[in-house]
Every structure is written in C-alpha cells, then in structure tokens.
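Engineer: how does the following fold in three dimensions:
(one chain, ligands or ions: 1)
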Amino acid sequence: MGDYEKLLENLNLSREEPGAGTGSWLKCGGKLLHSVSPINGEVIGGVYTAEGEEYERIVSVAVDAFKEWRNVPAPKRGDIVRQIGNAMRANKEKLGSLISLEVGKIKTEGDGEVQEMIDIADFALGQSRMLYGKTMHSERKKHRMYEQWHPLGPIGVITAFNFPVAVWSWNAFIALIAGNTVIWKPSSVAPFSAIATMKIVWKVLKENGLPEGILSLLIGKRVDIGEALIKDDRIPLISATGSVSMGLHVSKEVAARLGRSILELGGNNGVIVSPSTDLDLAVRAIVFGALGTAGQRCTTIRRVIVHKEIYKAFVEALIQAYNRVQIGDPFANSTLMGPLINHGAVTSMQTALKKLKDQGGRIVYGGEVLSGGIYNAGTYVKPCICEAKADYPIVHEETFAPILYLIQYRTIDEAIRYHNEVPQGLSSAIFTNDIRESEIFLSHTGSDCGIANVNLGTSGAEIGGAFGGEKKTGGGREAGSDVWKTYMRRQTCTINWSNDIPLVQGVQFDIG
Ligand code: NAD
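Structural biologist: Next up, the predicted model:
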C-alpha cells in the first residue's frame, strides 16, 4: 500500500484538514470526520466538518462569484477548464493513488478516474466554443427568432463514494463552461480525495486572478449541509449521484421549491448472452463488468441472462475466469479486485445472499468474507456467482457488492422481458453475433435503459456520450453529447425589424 504519509505530503494534505472552502479554507466548527482506508482499516486522517455558519458563507460567496464568472466569455472559461485538466495530468499518479487508498479501487482504476477528469476537461474545452442556439424562421414578416443559452447560477453537486472525484468533474467542468459556479458536497466516506482535488483546482483559479467561490467544497453532516443545499432557493440546479432512496428524497425537496435536479441513481444492470455469442469475449467482458471496482460501480453487471443452450458452458467458463481473479491490496500489480468500501457493505452483501437462498436461489461460486493477512481488515470478499430466477425480489434490488445473478432464458422476447422487469434502468448489454437480436435489443421494444451496448459490458462509459439512466435510476444525464444544456437556461428571442405589429395565430387587435 506504500507510504501514504508521503502521498498526503505530496498532495499538500495534512493529517487534519478543514472540510469547507471557497478558494481558501474556512475554520469549520463541526466534528472531526475520520477517513478510513478500506485496504487495512487504518485512519488516513480527519476532516473538520462544516456547519450552518460555514454553509451560509460558502453559498453567499458562490452567489457573488457567479455574478463575475458569468461575464467571462465562454471560450475563456473553457481555457480555465483546460488549465485545470492540465493540472490533473500533472497530478494524475498522486491523486489516483489517494483515490485507491481512500476507496480501495485498484491503482489502474484510481488513475483511470483522474483520466476521466482530464477527458471531460478536454471535452468541456471544445464545448465552450459550441454553446449553440438555433435560429428559427418567424411566421411574421421582418421578424427574426432565435434561442440562446445563459448561465444558470450556483450549482449544487452531491456525489457518491464510488467515483469520489470523477462525477464531480463531469458536472463541474460542464457547469463551469456554462458560466455557473459549483458547490460540491462529496461523500463523507472519501473526503480527502475531494480536498486534494480542490487544492489542485484552486491553484489554477488563483493563478488566473479569479475570485473565490467559483468552485467550493462543503463536507458535513447530511442534516446540516445536505438538507440545507437541496432546500436552498439560491441554487437553481442540484445534481445528485447516489442511491435510489437518496434520489427520492432529494428530488422531492428540490421539486418542492421548483428547482431543477439531475438524478444519477442506482443501477441493476443486466446483460443477455445469446447462443450465437463469442463466449470467450462475453466472459472476459462480464468478469470486468461484474468485478471492476469490486462490484461497486453504478454500472456493474449484476444480472446475466443466458440462453439455456449455452448455460452450462457459460457457467464453467465464468467460474474458471473468476478463479483467476486475484483479490487483495489494490496497489499490487496482480490484484484485480480490492476491498469493499467498509464493513457495512460486507454485511449488505451477506444479507443479500441470505435473502437469495431464502427466495430459492443457489450460490454456485464464492460469497465468503475473506480472512488472514490483509484480509483481516474485514472488507475483502470472494465475489459471488448465483443461480436465480428473474422475479426474485432480491434480484430486483441493487446490492452494491460483487454478486452476479445468472438467469436462464429460451427466447429473445423472454430475455428482454426478464431484462426490463427490474425497477432501475441504467446500463445494459447484449452479447450476440445475430444482427436481428442486437437490433431487437436496441429498438424501442428492447432495452429500457439509458445505456445499451452490443458485445461489450455495461460499465466503463466514455465521457463523450450522455451518461445516465431511466426509471428509478432517475432520468438524469451527465457528461457529453448535449448535456451542457441542462446546466444553462434557454431563452427564446424574437426581434421585430418591421414597422408593424403583426400578431400570430391570425389574432386581430387593431387599436386604430
Ligand atoms: P448514498 O446515496 O449513500 O450517498 C450519495 C451521496 O448523497 C453522498 O454524498 C451522501 O452524503 C448524499 N446524501 C444522502 N442523503 C442526502 C440528503 N438527504 N441530502 C443531501 N445529500 C444526501 O450512495 P453511496 O453509497 O455513496 O453510493 C452508492 C450508490 O450510488 C449506488 O446506489 C450507486 O449505484 C449510485 N451511483 C450512481 C451513479 C450514476 O451515475 N447513476 C454513479 C455512482 C454511484
């Protein structure tokens, strides 16, 4: 796991840090929140949490900063994001290591998370010159119509533990080029990754002589900070990533004040494995999709719907592949699966497996909590493969752990029905060499998810596409495509360059 005191030093982090700031740190009145590494259970350090007074300061500075930032031309805002991306490039190795240390991702995934920030910075830079509005032909003579996009205001970004910094950047970099300021409430499980990120980005903002409050951080209790943020009328948009239960609450509170929300909630991602598939390719993709980030991605493969004819061969190949997966220290090159985030996650996994058995399912591989050596941290598990029926209640839930449910099907219609019958709708895939089947899967009667793939897994999305899902996943979209529009307000403009006032829809109103 290496010398993490040195790592903190290299990222300008102390063992105790304040949890709130706007460009410089505030003295926080709240309790010390400990960040514990799931790798060995050791405390990395403590963060003083923000309370009401700090909250007020952060929001008022972000509101003031918005008034200045929105006047910076969009391509110049893009250039600031470009510089932030370069600062991330320079710090990729260190920040990637801190992410691995704090949430237990294997090192290549910790570094990959920083790469995702760099990629979205590049995307945002290009987008900053493409905040296009349409022009329309007016039905009135000598009139011109067009639409334009204006900045929205300070945006609240709430993030989950499993992508402790990348999800913030998907929101923040697009929000920045749109002319907004951003207040970030990260997961309390990964406060140091957020603080290190802020230190890197604030340096860039300072070097450019920009005011405080363009990018702010708030770490604190849900009751003090989270609730205040979602209820605050000064914040027109809340982007919230996390569990479905969190999203149900956040959406209600934001809607109650007629605010906007982007909801990126839990997934329960399924793949269909057809008899025509290249089995080796499917197994390799499914192992990464099910075990990457130890099964703690919103896009993790949780259900595999396999054709009856190839079921036996598929299960044998999958078990062989699982046997080759090394579980252990995320910093060791040979490790493919690190720990779960904490003991609570291990308990949830064990509870889900008990429910599965009670509902008639069967474990065919793994599921145990590991012990001995590094495993004594109590956070390491053997990933689990189970046989289940599509309609078991537990199969309809997202358990944030490496449990894979195998379900057999006979016809493609049955496979799609099984696939779509869960409440979540994030990511999906089919493995097939039959073009008819893949077209059915991609059609409007096929997958009901926000992401649908053919011959690749459900996770590892590219930032160029719009990311998000349907149904209980919340309907939000982040990152690429035309998602920037959500972070701006649309204005439709009509200009009359005639000497008349013609009315539309044939209405006559002649005052002589
Ligand atoms: P979580 O719901 O426990 O917490 C997510 C965030 O919401 C945290 O910052 C938390 O403090 C905050 N929060 C919770 N209640 C709040 C409230 N009342 N007001 C304001 N903020 C509140 O989720 P988690 O355990 O950190 O992450 C795992 C979950 O996140 C999984 O369900 C996973 O699928 C989901 N997730 C979804 C996506 C996506 O893009 N769809 C991405 C990553 C994770």
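
Engineer: C-alpha from now on. contacts and neighbour counts both.
Structural biologist: OK.

Engineer: contact partners of stretch 481-499?
Structural biologist: Residues from elsewhere that reach stretch 481-499, judged by Cα atoms under 8 Å, 6 or more residues apart in numbering: 131, 141-152, 174-175, 178, 180, 237, 464-466, 477.

Engineer: go again with 7 Å.
Structural biologist: 142-152, 174-175, 178, 464-466, 477 (Cα atoms under 7 Å, 6 or more residues apart in numbering).

Engineer: chain center to that stretch: distance?
Structural biologist: Taking the mean of its C-alpha atoms, stretch 481-499 sits 29 Å from the chain's own mean (Cα atoms, centre = their mean, to the nearest Å).

Engineer: now that stretch: average pLDDT?
Structural biologist: Mean pLDDT, computed over stretch 481-499, is 98.

Engineer: in that stretch, which residues are buried?
Structural biologist: 483-488 (16 or more other Cα atoms under 10 Å).

Engineer: ditto for stretch 464-484
Structural biologist: Buried residues in stretch 464-484 (16+ other Cα under 10 Å): 464, 466-480, 483-484.

Engineer: quick one: end-to-end distance for that stretch.
Structural biologist: 12 Å (Cα to Cα, to the nearest Å).

Engineer: what separates it from the chain centre, distance-wise?
Structural biologist: 10 Å.

Engineer: so which of the buried residues of stretch 464-484 belong to strands?
Structural biologist: 466-467, 470-471, 478-479 (DSSP state E).

Engineer: adding distance to the ligand, write the residues you listed out as JSON lines.
Structural biologist: Output for these, formatted as JSON lines (distance: Cα to the nearest ligand atom, whole Å):
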{"residue": "466", "distance to the ligand": "11"}
{"residue": "467", "distance to the ligand": "7"}
{"residue": "470", "distance to the ligand": "10"}
{"residue": "471", "distance to the ligand": "11"}
{"residue": "478", "distance to the ligand": "8"}
{"residue": "479", "distance to the ligand": "10"}
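
Engineer: report the two of these separated the most.
Structural biologist: Using Cα to Cα, these span at most 19.3 Å, a distance reached by 471 and 479.

Engineer: residue 436 belongs to a helix?
Structural biologist: Yes. Judged by DSSP: H, G, I helix; E, B strand; the rest coil, residue 436 forms part of a helix.

Engineer: ok, now how distant is it from residue 14?
Structural biologist: With Cα to Cα as the criterion, residue 436 and residue 14 are 58 Å apart.

Engineer: again, but for residue 381
Structural biologist: 32 Å.

Engineer: ok, those two, which is more surrounded?
Structural biologist: Using other Cα atoms under 10 Å as the criterion, residue 381 and residue 14 rank with residue 381 on top: 25 against 15.

Engineer: what sits closest to that one if chain neighbours are left out?
Structural biologist: residue 369 (4.4 Å; Cα to Cα, 6 or more residues apart in numbering).

Engineer: what pLDDT does the one you found get?
Structural biologist: For residue 369, the predicted pLDDT is 98.

Engineer: gap between it and the ligand?
Structural biologist: Per Cα to the nearest ligand atom, to the nearest Å, residue 369 is found 20 Å from the ligand.

Engineer: i'd like the first residue to be 705 from this point on
Structural biologist: Happy to do that; since the first residue is 705 now, the last one works out to residue 1073.

Engineer: residue 962 sits in which helix or strand?
Structural biologist: Assigned by DSSP states H and E, residue 962 belongs to no helix or strand.

Engineer: let me redo that: residue 921
Structural biologist: strand 919-922.

Engineer: now do that strand: which elements does it pack against?
Structural biologist: strand 724-725, strand 886-889 (3 or more Cα pairs under 7 Å, 6 or more residues apart in numbering; DSSP states H and E).

Engineer: continuing past it, what's the next helix or strand?
Structural biologist: Strand 919-922 is succeeded, C-terminally, by helix 931-935 (DSSP H and E).

Engineer: residues of that following helix that come out buried?
Structural biologist: Quick answer for helix 931-935 (16+ other Cα under 10 Å): 933-935.

Engineer: how about it as PDB, C-alpha atoms only?
Structural biologist: Taking Å, rounded to 0.1, in the frame of the first residue of the first chain, the C-alpha atoms of helix 931-935 are listed here in PDB:
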ATOM      1  CA  GLU A 931     -30.500  19.200   3.600                       C
ATOM      2  CA  ALA A 932     -29.600  22.900   3.500                       C
ATOM      3  CA  LEU A 933     -28.200  22.500   0.000                       C
ATOM      4  CA  ILE A 934     -31.200  20.800  -1.500                       C
ATOM      5  CA  LYS A 935     -33.700  23.200   0.000                       C
END
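
Engineer: pLDDT of that helix, averaged?
Structural biologist: 98.

Engineer: measure how far it is from the centre of its chain, please.
Structural biologist: Relative to the centre of its chain, helix 931-935 is centred 20 Å away, using Cα atoms, centre = their mean.

Engineer: let me know whether it sits next to the ligand.
Structural biologist: Yes. Residues of helix 931-935 are located near the ligand by Cα under 6 Å from any ligand atom, namely residue 931.

Engineer: what does the following helix or strand past that helix contact?
Structural biologist: For helix 931-935, the succeeding helix or strand toward the C-terminus, using DSSP H and E, is strand 941-945. Strand 941-945 is contacted by residues 859-864, 934, 951, 963-969 when judged by Cα under 7 Å, 6+ apart.

Engineer: where does this protein come near the ligand, residue by residue?
Structural biologist: 862-866, 890-892, 926, 930-931, 945-947, 950, 954, 968-971, 1002, 1172.

Engineer: would you mind listing which of those residues are buried?
Structural biologist: For those, buried by 16+ other Cα under 10 Å: 862-866, 890-892, 930, 945-947, 954, 968-971, 1002, 1172.

Engineer: which residues does residue 1082 contact?
Structural biologist: So residue 1082 contacts 1047, 1075 (Cα under 7 Å, 6+ apart).

Engineer: what of residue 897?
Structural biologist: By Cα under 7 Å, 6+ apart, residue 897 lies in contact with 802-803, 868-869.

Engineer: and the pLDDT at it?
Structural biologist: pLDDT, residue 897: 98.

Engineer: buried sites along the helix or strand of the chain with the lowest mean pLDDT?
Structural biologist: Of all helical and strand segments in the chain, the minimum by mean pLDDT, DSSP states H and E falls on helix 708-714, at a mean of 92. For helix 708-714, the neighbour count (16+ other Cα under 10 Å) marks 711-712 as buried.

Engineer: show residues contacting that helix.
Structural biologist: By Cα under 7 Å, 6+ apart, helix 708-714 touches 718, 798.

Engineer: work out the gap between it and the centre of the chain.
Structural biologist: 27 Å.

Engineer: quickly run through the sheet partners of the following helix or strand past it, with directions.
Structural biologist: Downstream of helix 708-714, the next assigned helix or strand under DSSP H and E is strand 720-722. The strands that strand 720-722 pairs with in its sheet are strand 747-752 (parallel) (by DSSP bridges).

Engineer: may I see the buried residues of the partner strand?
Structural biologist: By neighbour count on 16+ other Cα under 10 Å, the buried set for strand 747-752 is 748-752.

Engineer: what about stretch 840-859, how long is it end to end?
Structural biologist: 30 Å.

Engineer: average pLDDT for that stretch, rounded please.
Structural biologist: On average, stretch 840-859 scores 97.

Engineer: could you do stretch 750-770 as well?
Structural biologist: pLDDT averaged over stretch 750-770 gives 97.

Engineer: same thing with stretch 730-745?
Structural biologist: Here the average pLDDT along stretch 730-745 is 96.

Engineer: return it as CSV; C-alpha atoms alone will do.
Structural biologist: The C-alpha coordinates for stretch 730-745 follow below in CSV (Å, rounded to 0.1, in the frame of the first residue of the first chain):
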residue,chain,number,x,y,z
LEU,A,730,-12.8,28.1,6.3
LYS,A,731,-12.4,27.3,10.0
CYS,A,732,-15.1,24.6,10.5
GLY,A,733,-17.0,24.3,13.7
GLY,A,734,-18.1,20.7,13.2
LYS,A,735,-16.8,17.4,14.5
LEU,A,736,-13.7,15.6,13.1
LEU,A,737,-14.7,13.1,10.4
HIS,A,738,-12.3,10.3,10.0
SER,A,739,-11.4,8.9,6.7
VAL,A,740,-10.6,5.2,7.0
SER,A,741,-8.9,3.2,4.3
PRO,A,742,-10.8,0.0,3.4
ILE,A,743,-7.5,-1.6,2.5
ASN,A,744,-6.4,-2.1,6.1
GLY,A,745,-8.8,-0.2,8.3
